[in-house]
Every structure is written in structure tokens, then in C-alpha cells.
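**Q** Requesting a structural model of the entry that follows:
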Amino acid sequence: MKRINLAYLLPNFFTALSAFFGVMAIIASSQQKFEKAFIYIVLSLIADGLDGRVARMTNTTSKFGVEFDSLADLVAFGVAPAMMLFFAAGHEFGRFGALVSGLYVVFGAIRLARFNVTTGELDPRYFIGLPIPTAAVVLSSWIMLDLKYEGGLSLLLEIGALFLAFLMVSNFRYPSFKKIDFNKSVALKVLVGIILVASLIYLFPIEAIAGILTIYTFYGFVRGILNYSKAIKKSN
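**A** Now for the predicted structure:
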């Protein structure tokens, strides 16, 4: 009987955990417990970050793991934030709200499929299109900000969700941070940066997460627009 290498189970365990937290986020949203839903989505993000790293560290990457990870991502970062949006704001707009949540999930699925078929062909220093985990945390943090400050910006949230959906399937490039050269001087700066970010998240968790990831989201968009403008000027 063929023996099962337990090391192969570890990354898939984190993937399963990510999907589980995603389902918990959907249930929490349906019960109007949006703070819980947001926490579950962040926990999914952590579990999703761990599965790939554990697989690479233990040299247990597999085709099954890649496919399983994408399905888990669709639940945790596609369906969960889309349902959070619908229950928090989208239901006010009837079919339009349902359409926005549906499009967000569909575009997320396209983003995941494109990532899978282009892995290994593109520069690993960049993602093409906004990664779906980032889009999920940005969208859910925007929802939390609106609820916390009673902004009443439901329509703006719907438009924001469409913008994030567009960025996921766009060709804008986003830094992946997978190939950073951590020499001694860079490592010290990164450490200081992590401490400052952790301090901000400790003091203002929702505001800090929303602010940092929103800057990352618009960085790729603005950079892409500027590069496109330069290319047009050159061609003229």
C-alpha cells in the first residue's frame, strides 16, 4: 500500500482552513454580523498566505494543491466579500445590487483561471491584475469603514466593487513581493516597515488595513495609466 507523505497534507490543510473561514464569513454576513465576516475574511487571507509558503518550504507543491487553492480562493475572496457587500449595501438596490455581487464573483473566477494558466510564463515579481485576496480585503474593509462611520455610501461601495472587479481582470501590474532581495540593509528597512504597519493595525485595525491596501490597489492602476500615457506620447 502506498504510504501518504504527511507533508503534502499540511499546505492543503491551510487551504481548507481558508475555504472554511470563507463559508463562516458568508454565514456571518447573512446574520448581519459584518465585523465577524470581516475577521473571517482576514483569517482566510492569512491561511491562504501560509499554504503556498508551506508548500514551497516543504517542497510539496502539486497540481492538486494549485486547483484546490483556486477553488478555496473563489469561496473565501470571491463569494464571501460579494455576499458581505450584498447583505450590507447591495440589497438596497435590488437587481443592480445582485448584479454587482455576481459580477464581482465572476470576474474573480476569471482572474483565478488566468493566474493558473499563466503561472510560470510571466515575471514572478508581478501579478497581472489585482490579486483576488487583495480585492476581497479592500472591499470588505471599505464596507466596514462605511458601517463604522455611518457614511451611507452604499452606492459608492457598489461602484467600488465594480472597479475592483475590473482591476482583477485588467492587465495592470502589481508587485508580488515574492522576489525581494533581503540583503542586510533592505531587511532592516523591511523590519522597521513591518513594525510600523503592525502598530497602525493595532491602533486602527480597519482604517490601517483599508488605507494600506487601497494605496496598493490604486498604485497599480495609476502606474498603469501613466505608463500607457507615456507609450502614447512616444508613438506620436
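**Q** tell me the contacts of the residue nearest the centre of the chain?
**A** For the chain, the residue nearest the mean C-alpha position is Pro133 (1.5 Å; CA atoms, centre = their mean). For Pro133, the contacting residues are 44-45, 48-49, 73, 76-77, by CB atoms under 8 Å, 6 or more residues apart in numbering. All C-beta spots, glycine's among them, are computed from the backbone N, C-alpha and C.
**Q** just Val54 next, same as before
**A** 10-11, 14, 60.
**Q** For it, give its distance to Leu99.
**A** Per CB to CB, to the nearest Å, Val54 is found 38 Å from Leu99.
**Q** which other helices and strands contact the one helix or strand Lys233 maps to?
**A** Element membership for Lys233 (DSSP states H and E) is helix 205-235. Packing contacts for helix 205-235, counted by 3 or more CB pairs under 8 Å, 6 or more residues apart in numbering; DSSP states H and E, involve helix 132-148, helix 154-169, strand 173-175, helix 184-203.
**Q** from the chain's centre, how far out does the lowest-mean-pLDDT helix or strand in the chain sit?
**A** Ranked by mean pLDDT, DSSP states H and E, the weakest helix or strand in the chain is helix 184-203, scoring a mean of 84. Mean-position distance between helix 184-203 and its chain equals 21 Å (CA atoms, centre = their mean, to the nearest Å).
**Q** what's the answer for stretch 71-87, then?
**A** Mean-position distance between stretch 71-87 and its chain equals 10 Å (CA atoms, centre = their mean).
**Q** Same check on stretch 55-66?
**A** Centroid separation for stretch 55-66 versus its chain: 20 Å, with CA atoms, centre = their mean.
**Q** What residues sit buried inside it?
**A** 55, 60, 65 (16 or more other CB atoms under 10 Å).
**Q** With stretch 107-118 instead?
**A** In stretch 107-118, counting by 16+ other CB under 10 Å, buried: 107-109, 111-112, 115.
**Q** Which ones among those residues lie within helices?
**A** 107-109, 111-112, 115 (DSSP state H).
**Q** need the contact list for Phe86.
**A** Phe86 neighbours (CB under 8 Å, 6+ apart): 29, 97-98, 101.
**Q** Next, format the buried residues of stretch 107-118 as a markdown table and append distance to Arg125 and pLDDT.
**A** Shown next, in a markdown table, are the buried residues of stretch 107-118 (distance: CB to CB, whole Å; pLDDT from 0 to 100):
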| residue | distance to Arg125 | pLDDT |
| --- | --- | --- |
| Phe107 | 24 | 97 |
| Gly108 | 23 | 97 |
| Ala109 | 25 | 96 |
| Arg111 | 18 | 94 |
| Leu112 | 20 | 95 |
| Phe115 | 15 | 89 |
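**Q** for those, which one is nearest Met83?
**A** Nearest to Met83 among these: Gly108, at 12.5 Å, using CB to CB.
**Q** Verify the stated contact: that closest one with Leu74.
**A** Yes. Using CB atoms under 8 Å as the test, Gly108 is close enough to Leu74 to be in contact (6.4 Å).
**Q** tell me, what's touching the two both at once?
**A** Common neighbours of Gly108 and Leu74 (criterion: CB under 8 Å, 6+ apart): Ile132.
**Q** Many thanks, we can stop here.
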